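1. Structure for this input, please:
(2 chains)
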Amino acid sequence: MATVTLPKGNPRTKLIITIAVGLALPVILFGAVLVLTTIAKPAPVQAFVQTVLGKDPATWPFTGLVYAVAAALLSFMILNFGAVIAATTIWWEMRVSSRMQSRIGYNRVGAGGFFQWIADAVKLLLKEDLIPADADQLMFRAAPYFVFAGFGLIFVALPFGEGVIAADLNVGIFYVVAVTALVVVGILLAGWSSNSKWALFGGMRSAAQVISYEIPAGISVMVPILMAGTLSMQGIIRAQGAWPWQWFVFTNPAALVAFVIFFVSQLAESNRPPFDLPEAESELVAGYLSEYSAFRYAIFFLVEFGNVWIMSAIAVTLFFGGWQVPGVTADMYEAARGAGALPAPAWWGLQVASMVVFAVKTMLVMNLVIWVRWTFPRIRVDQMMNLCWKYLVPGAFVTFVTTLLWQILVASVPVAATASGVALSVLTLVALVQMLRHARQAVEAGGDRVDLSNW
Amino acid sequence: MEKLILRRVDRNSEEMVLNFGPQHPSTHGVINFIVETDGEVMKRAIPDVGYLHRSIEKIGEVVGYPGFMPFTDRIDYVAAMFANEGYAIAVEKLLKVEVPPRAQWLRAISCELCRIASHLVGVGTMTMDIGAFTPMVHGLREREEINDYIEALCGARLTYNYHRIGGVAFDLPEGWRDKVLAFLDRFDKFLPEFDRLITFNEIYKRRLASVAVISREQAIGYGLVGPNLRGSGVDWDVRRDLPYGAYPHFKFEVPIGKGWAGTVGDCFDRYYVRCLEMAESSKIVRQALETIAQQPEEIMAKVPRNVKPEAGETLSRVESARGEMAYYVVSDGTNKAYRVRARTGSFTAMSVIEDISSGLMVADLVALISSLDVVAPEIDR
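-> I've put the predicted structure just below:
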C-alpha cells in the first residue's frame, strides 16, 4: 500500500509567527476601528484643531479637511477589516469543511494553513485580468465595483460595539436593507455583460432569487423594529438585554420564527448554499462568475465571504442582543466616558468588552452558516421560488401580525416577555445539548477516521 | 443533430441553444449535450458523444488475445475489473478452457470490491452534482481504502489488468483477507451513516423524487442495463439470472426500484438501488473470503502461450457496475481476434436522455446524467 511521508506537525517558528499574526490581526483591525470611530467625530476633531494645531475650529477653513482625513482613514480601515474578515472566513470555512469531510485541508502556508488567504489573494492579483472580446467592456468592468460598493456601504451602519459604529443612522436597518440591493445590480450586470450563456443564466437566477427573498427578509426585519420601536441599529440593540432571556429572539415567540425566516432569506440573498443557484458549479459552471478572472474575480469572492460576516452581524444585532455585555448597563458607559474630548480609559475597556461580545456572537452565527453550506444539497430554481412565496412570505406576515398582538399583550402584562424569554432560551439550550449529544453518537457509530497529526 | 448545430440562431425566438459540455463540471468527462432551453426549462437535450473515442475495439483486432487485456481496463476506468472479466470469459469460451475455482473466487472478490468502489464514485458524484460536496468526499475516502486493497492485490489502483485468460494474475497477499474483512465491518457501518448524511435529506429527496422518470417499458426498450434498469423496477441481474463464475455459490439479493421517494424509475430510485447494491456486494465479498480457503491453490488454467482459438464466435455477459457488459469476440483461427466488440451500459444510457429530457429543468438534466452513472470512456470506447 502506498505510503507518502509528509512532514508531520509544524516547526516552532512557523507556529509562533502564525499565532502572533493570528492574535495581532484582530487587535490591529478592531483596535483601529475603535480608535478611528471615536476620533472621527466632530468634537474630537475640533479639539484636535484647537489644541494641537492651535487654530480656532469655527473659523479655520481647513477644519472640514481634517475631519475628511479622519473619516477617510476610518473608511480605509473598515474596508481592510472587511477584506481581512472575508479572507479569514474562507480559511475558517475551509478548515471546518475539511474536518467535516475527513480531510486535513489547508496546512501548507503557515501553521494550519492560516496564511493561505494571503497566497490566494496574491495569486489572484498577479493573474491576467481577462475580458472576453464579446463582452460589454464598460459594464463588465463596472460590475465588480457595484458589488463592492454594496458590500462596503453596509459597514457604515454596522455596529462593532457600544460606541463603535461609523454612523448611527436613525434609519440604520432600513439603510442596510436598501444598500444590500446594490449587490444584485452588480451580479446582474456581470451576468448580462459577460455575453456568456452560463453567466446570463446565473445573473437571471440571481435577480429572481435576491429580489424575491428581499421581501421575507424585509418583513422579518420588521419584527425587531416593532419590538424596539426604532430603526437605528444601536437603538435596536439598546432595547435588548445582555442575557439570552432578554434577547429579542426569545422574548417573543414570533421573533424566533422571524429569525429563522430572516436567516434563510439572508442565506438566499448572499447566494450561500443551499441557495447558491446563481453560481451553481455543477449546473452553470460558475454562473455569473464564469468569465471573470484575476482581481475582478477576487472582488466577487471577497464580497461573497464578507457578506457572511455582514449577515451574521445583522442577525446578531436584530435578534441576539448585539454587543450587550452582561452586567454592564447603559449608564455605566456614560459614567465611564468622562467629560474630556477623548474618553477616559475605563470607557475604552468597556468598549473592547462590547466589541468582543459582538464579534464572538457573530462568529458563532457564521459557523452556523458554514455548517449549513457543507451539509445541504442545493435546491432547484422552482423549489427556491416556492419556498419563498408559499412559505416564507406568508410566514413573515404572520410573525409580523403576531408581534403586533404580542406587543399589545406585553404592554399590559410586562412579565410575558420575561416568561417567554426564559422558557425559549431554556428550550433552545436543551435542543442544543441534544443536538451535540446526537452528533457525538453519530460520530461514534460511524467511527471518526481522520488523521490530524499533519494539521 | 447537424441541423440543430448549424441552425442560425433566431434572434426573436425565446429559445436558446446551449452547449452543455464537452468541458462541463457535471458531465464527468468529455460528453457534450446540446440543450434547447426556454429559460430554465429544457425543450430537449441531445447527447453528442464521440469526444473520447480511442478505437479500443480496433486495437483488439491488432494486438492478439492476451495483449488486449490491459486495453480493456481503458474501456471503463472506474470499474476496470469487469471489463477484464468479460473479455477473459469470452476468450475462455473460445478456447474451451475451464477456470480453476480459486480464480473464480478471486474474480468475484475483486469484481465486487470494484463494484463498491465504482458505486461510491457514482453516488458520490451524484450528491456533488445535486450540490452537496461532503458526501462525495466521504465516499471517496472509502474508495481510497478499497483502492489500497486492490493495489495490494494486483499492483494498480485504477487500471488493474488483474484477470488473465484462464484465471487471474496473483493470489491473495498475506493478511489481505483479514484486512478486507475488517474494512467490510467498517463499511457496513458507513452505509447507514451515508444514508443519514444525505440519502434521506429532505432537499435531496425532493430534488430527485419523480424527476426524469424512466418507465419499465422505456427502460427495456432503450436497452438500459444494470442499476438503471433495476431502478425502473425490472428484476434482471446477470449474476443471478445467467450465472457465471463463482456467483451461483453466493447468496445475495437484487435490489430493484420501488419508488422510495416518488415514482418508480425516478432519479432517486436509480440512486438508492446503487446504495443497496453496495451492501449486497459487501455480503458477496464476505462470503467469498470466508469460503476461499476451501478452494485448491491453483489460480491459472493451462493456457498455451500463443493463444490461438479455433475459428468461431462467442458472446460473454457479465454484470458490470454500470450494468450488463457483453463481449462479442470472433476468431478466424489465427492468434489475433477477427473482431472484438464490447457492449457497454453507458452508451445505451445516453440514448434515453433525449427522450425523457423534454420538460425537465437544466438542474434536472444534471441529476439525470449523474443518476445514469455514465462514464465517458465507456460510451465511446
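2. Run through the residues that contact B:Ser371.
-> When contacts are counted by Cβ atoms under 8 Å, 6 or more residues apart in numbering or on different chains, B:Ser371 is found next to B:Met126, B:Leu208, B:Ala212, B:Asn228, B:Gly231, B:Cys267, B:Arg270, B:Tyr271. (Each C-beta comes from the backbone N, C-alpha and C, glycine too.)
3. One more: A:Asn195?
-> A:Pro132, A:Asp134, A:Ala135, A:Asp136, A:Glu291.
4. That one and chain B: what is the separation?
-> 13 Å (Cβ to the nearest Cβ, to the nearest Å).
5. and the closest residue to chain B within chain A, helix, strand or coil?
-> As assessed by Cβ to the nearest Cβ, chain B sits closest to A:Arg378 within chain A, at 2.7 Å. Of the three states, A:Arg378 takes coil under DSSP: H, G, I helix; E, B strand; the rest coil.
6. what's the closest non-adjacent residue to it?
-> B:Gly131 (2.7 Å; Cβ to Cβ, 6 or more residues apart in numbering or on different chains).
7. per-residue pLDDT, the one you found?
-> pLDDT for B:Gly131: 84.
8. Equivalent analysis for B:Glu280, please.
-> 90.
9. any idea which helix or strand of the chain has the worst average confidence?
-> This is for chain A. helix A:281-284 (a mean of 72; mean pLDDT, DSSP states H and E).
10. Give the other helices and strands that the helix or strand hosting A:Ser220 contacts.
-> Here A:Ser220 sits within helix A:197-228, counting by DSSP states H and E. Helix A:197-228 sits against helix A:172-193, helix A:233-238, helix A:248-251, helix A:253-269, helix A:281-284, helix A:294-319, helix A:381-386, helix A:393-412, with contacts defined as 3 or more Cβ pairs under 8 Å, 6 or more residues apart in numbering or on different chains; DSSP states H and E.
11. So what's the residue count around the residue nearest to A:Arg378?
-> 26 (other Cβ atoms under 10 Å in any protein chain shown).
12. quick one: it and A:Val171, what's the gap?
-> Counting by Cβ to Cβ, to the nearest Å, the gap from B:Gly131 to A:Val171 is 37 Å.
13. that older thread, any idea which of the contacts of B:Ser371 is closest to B:Arg317?
-> B:Asn228 (16.3 Å; Cβ to Cβ).
14. possible to save the helices and strands packed on helix A:197-228 as CSV with mean neighbour count and distance to chain B?
-> CSV is the format used below for the helices and strands packed on helix A:197-228 (neighbours: other Cβ atoms under 10 Å in any protein chain shown; distance: least, Cβ to the nearest Cβ, whole Å):
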stretch, mean neighbour count, distance to chain B
helix A:172-193, 22, 14
helix A:233-238, 22, 32
helix A:248-251, 28, 24
helix A:253-269, 23, 12
helix A:281-284, 25, 4
helix A:294-319, 23, 16
helix A:381-386, 17, 5
helix A:393-412, 16, 17
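15. got the buried residues for the longest helix anywhere in chain A?
-> For chain A, the helix with the greatest residue count under DSSP state H is helix A:63-100. By neighbour count with 16 or more other Cβ atoms under 10 Å in any protein chain shown, helix A:63-100 contains the buried residues A:63, A:66-67, A:70-71, A:74-75, A:77-78, A:81-98, A:100.
16. just checking, what packs against it?
-> helix A:12-39, helix A:42-51, helix A:116-126, helix A:137-154, helix A:294-319, helix A:345-375.
17. re earlier: only whichever of the contacts of A:Asn195 are buried, select them in ChimeraX.
-> Per 16+ other Cβ under 10 Å, the buried members of the contacts of A:Asn195 correspond to this ChimeraX selection:
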select /A:132,135,136,291
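18. and the two most separated of the contacts of A:Asn195?
-> Maximum distance among the contacts of A:Asn195 (Cβ to Cβ): 11.1 Å, for A:Asp136 and A:Glu291.
19. Tell me, please, where in the chain the pLDDT is lower than the cut-off.
-> No chain was given, so I picked chain A. A:1-10, A:281-282, A:341, A:446-455 (pLDDT under 70).
20. wrong chain, I was asking about chain B
-> For chain B (pLDDT under 70), the answer is B:1-13.
21. so who does the one residue in it that gets nearest to chain A touch?
-> Proximity of chain B to chain A (Cβ to the nearest Cβ) peaks at B:Gly131, 2.7 Å away. Contacts here follow Cβ under 8 Å, 6+ apart; on that basis B:Gly131 touches A:Pro273, A:Pro274, A:Asp276, A:Ala280, A:Ser282, A:Phe376, A:Pro377, A:Arg378, A:Ile379.
22. rerun that using 10 Å as the cut-off
-> A:273-277, A:280-283, A:373, A:376-380, B:203-204, B:207, B:363, B:366 (Cβ atoms under 10 Å, 6 or more residues apart in numbering or on different chains).
23. Equivalent analysis for B:Lys205, please.
-> A:Pro377, B:Ile198, B:Thr199, B:Trp260, B:Ala261, B:Gly262, B:Phe268, B:Tyr271, B:Tyr272.
24. Compute the number of surrounding residues for the last one.
-> Residues near B:Tyr272, counting by other Cβ under 10 Å, number 24.
25. ditto for A:Cys388
-> Around A:Cys388 there are 24 residues (other Cβ under 10 Å).
26. Secondary structure and distance to B:Asp185 for the contacts of B:Lys205 - can I get that in TSV?
-> Formatted as TSV, those follow (DSSP: H, G, I helix; E, B strand; the rest coil; distance: Cβ to Cβ, whole Å):
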residue	secondary structure	distance to B:Asp185
A:Pro377	coil	29
B:Ile198	helix	22
B:Thr199	helix	21
B:Trp260	coil	26
B:Ala261	coil	29
B:Gly262	coil	34
B:Phe268	helix	28
B:Tyr271	helix	25
B:Tyr272	helix	23
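27. Looks to me like B:Asn19 is in a strand.
-> Yes. Per three-state DSSP, B:Asn19 lies within a strand segment.
28. For B:Glu319, what is the enclosing helix or strand?
-> Per DSSP H and E: strand B:312-320 holds B:Glu319.
29. Using the three-state scheme, assign B:Ala342.
-> Relying on three-state DSSP, one would call B:Ala342 strand.
30. do the same with B:Glu36
-> Going by three-state DSSP: B:Glu36 is strand.
31. hey, what's it bridged with?
-> B:Val17, B:Arg44 (DSSP bridges).
32. Quick check, it in contact with B:Val17.
-> Yes. Counting by Cβ atoms under 10 Å, B:Glu36 does reach B:Val17; the two are 5.7 Å apart.
33. end to end, how far does stretch A:132-140 reach?
-> 9 Å (Cα to Cα, to the nearest Å).
34. neighbouring contacts of that stretch?
-> Under Cβ under 10 Å, 6+ apart, the answer for stretch A:132-140 is A:131, A:141-143, A:146, A:188-190, A:192-196, A:199, A:290-293, A:296.
35. Swap in 7 Å and give it another go.
-> A:Ile131, A:Leu189, A:Trp192, A:Ser193, A:Ser194, A:Asn195, A:Glu291 (Cβ atoms under 7 Å, 6 or more residues apart in numbering or on different chains).
36. Nearest to A:Ala32 among those residues?
-> Nearest member of those to A:Ala32, counting by Cβ to Cβ, is A:Leu189, at 32.5 Å.
37. Contacts made by whatever helix or strand B:Ala90 lives in with the rest, please.
-> Per DSSP H and E: B:Ala90 is located in helix B:80-95. Residues outside helix B:80-95 that contact it (Cβ under 7 Å, 6+ apart) are B:65, B:68-69, B:72-73, B:75-76, B:99, B:107, B:110-111, B:114, B:158-166, B:244, B:303, B:307, B:309, B:312, B:314, B:316, B:318, B:320-321, B:325, B:327, B:329, B:331.
38. quick one: which of those sit in strands?
-> B:His163, B:Arg164, B:Gly312, B:Thr314, B:Ser316, B:Val318, B:Ser320, B:Met325, B:Tyr327, B:Val329, B:Ser331 (DSSP state E).
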